[in-house]
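Novice: Generate coordinates for the sequence data below:
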Amino acid sequence: MLADYGMTSKILLIHCDNTWAIDTTKNHVHHTRTKHIEIRHHFIRELVEGKLVEIHYIDTEKQLADIFTKPLDINTFSNLQIALGNCEH
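Specialist: Reported below is the predicted structural model:
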């Protein structure tokens, strides 16, 4: 998409805490178990194969996106807020 706007970028790094999702993007053996997966997920697999996207594992406790997508207890919320640099220690 960036190329459509005349922008270039290096490999996009995605942090994911779901090992099954990471394995699915890297291994075609799971086809019989993943035939129900939507087209967008196969698109990600193609991007990984084309070396345009890399998916790296990150511990669930360090998954910064959770602050935007999940209800969290106050301690987890505060830790992620600090990690984002959104407040002081």
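Novice: how does the chain divide into domains?
Specialist: 1-58, 60-89 (automatic domain parsing).
Novice: Lowest average pLDDT across those?
Specialist: When those are compared by mean pLDDT, domain 1-58 comes last with a mean of 77.
Novice: which residues of the protein fall in strands?
Specialist: For the chain, the strands defined by DSSP state E cover 12-16, 53-57.
Novice: Could you list the paired strands of the first one along with their orientation?
Specialist: When pairing is defined by DSSP bridges, strand 12-16 lines up against strand 53-57 (parallel).
Novice: Could you export the partner strand as CSV, CA atoms only?
Specialist: Output in CSV follows, covering the C-alpha atoms of strand 53-57 (Å, rounded to 0.1, in the frame of the first residue of the first chain):
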residue,chain,number,x,y,z
VAL,A,53,6.4,-8.8,6.5
GLU,A,54,8.1,-10.6,9.5
ILE,A,55,6.2,-11.9,12.4
HIS,A,56,8.0,-12.2,15.7
TYR,A,57,6.8,-13.7,19.0
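Novice: Buried residues of stretch 66-76, list them for me.
Specialist: Within stretch 66-76, the residues that qualify as buried are 66, 67, counting by 16 or more other C-beta atoms under 10 Å. Where you see a C-beta, it was placed from the backbone N, CA and C, and this is true even at glycine.
Novice: So which of the strands of the chain is nearest residue 65?
Specialist: strand 12-16 (7.9 Å; C-beta to C-beta).
Novice: if I look at residue 48, how far off is residue 70?
Specialist: Going from residue 48 to residue 70 by C-beta to C-beta, to the nearest Å gives 25 Å.
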